[in-house]
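Engineer: Build the 3D model from these lines:
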Amino acid sequence: MSSRNFIPLNIAILTISDSRTEENDKSGHFLVDSLNTAGHHQIDKIIVPDDIYKIRAVMSHWIANSDIQVIITTGGTGLTGRDCTPEAVEILFDKPIKGFGELFRSLSFEEIKTSTIQSRSLAGVANGTYIFCLPGSTGACKTAWDKILKAQLDYRTHPCNFVEMMPRLLEI
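Structural biologist: The predicted structure is shown next:
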């Protein structure tokens, strides 16, 4: 057991969908419930359509807000014509976290086999804010949260985690 104390993070959730509403946003609600259960703080939750500029507007506002440490998106990472999350978000990254998408697809392969190749899940850092873009399915969000994010957003995780790097993200 770690001798470190848990550090709650301020997290915003962005659901990207042309069809989701607050009533039927199962993936967004799963992420909110999961982060709250883990002891983190939900700072905001918004639903936006699959529109590059609307996604960038919300993300840019949150990235500029020093009270938000983590942004998790759900939706828009697939291959259809309307799926545009990677195109909207990648340009905002100061640094991509390449291993996130690779690890997510590896873990997802255990559950949905080759269908995971359709996911363009990605992550990065922008202005000291971690950004994780997940598929829209609740199962995919559960995989990402339970098998990656829950541990990496917990300061007590050894040998290393994203939280312990936070003070150094804006170093020049």
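Engineer: Could you use CA atoms for every contact and neighbour count after this?
Structural biologist: Noted.
Engineer: Break down the chain into its helices, ranges please.
Structural biologist: Counting by DSSP state H, the chain has helices at residues 26-38, 52-64, 85-89, 98-112, 138-144, 150-152, 162-165.
Engineer: Please convert these to TSV, extending it with mean neighbour count.
Structural biologist: Shown next, in TSV, are the helices of the chain (neighbours: other Cα atoms under 10 Å):
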stretch	mean neighbour count
helix 26-38	19
helix 52-64	17
helix 85-89	20
helix 98-112	16
helix 138-144	20
helix 150-152	16
helix 162-165	16
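Engineer: Adding mean pLDDT and distance to residue 15, write those out as CSV.
Structural biologist: Listed next are the helices of the chain as CSV, based on pLDDT from 0 to 100; distance: least, Cα to Cα, whole Å:
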stretch, mean pLDDT, distance to residue 15
helix 26-38, 98, 6
helix 52-64, 98, 9
helix 85-89, 98, 10
helix 98-112, 97, 18
helix 138-144, 98, 11
helix 150-152, 98, 19
helix 162-165, 97, 22
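Engineer: Turn those helices into a markdown table, columns for distance to residue 129.
Structural biologist: Listed next are the helices of the chain as a markdown table, based on distance: least, Cα to Cα, whole Å:
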| stretch | distance to residue 129 |
| --- | --- |
| helix 26-38 | 16 |
| helix 52-64 | 6 |
| helix 85-89 | 13 |
| helix 98-112 | 15 |
| helix 138-144 | 18 |
| helix 150-152 | 14 |
| helix 162-165 | 11 |
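Engineer: nearest to residue 78, of those?
Structural biologist: Each of the helices of the chain has some distance to residue 78 by Cα to Cα; the shortest is helix 85-89, at 8.5 Å.
Engineer: send the alpha carbons of the closest one over as PDB?
Structural biologist: Output of helix 85-89 as PDB, limited to C-alpha atoms (Å, rounded to 0.1, in the frame of the first residue of the first chain):
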ATOM      1  CA  THR A  85     -12.700  14.500 -32.300                       C
ATOM      2  CA  PRO A  86      -9.100  13.700 -33.200                       C
ATOM      3  CA  GLU A  87      -9.100  16.400 -35.900                       C
ATOM      4  CA  ALA A  88     -10.500  19.000 -33.400                       C
ATOM      5  CA  VAL A  89      -8.300  18.100 -30.500                       C
END
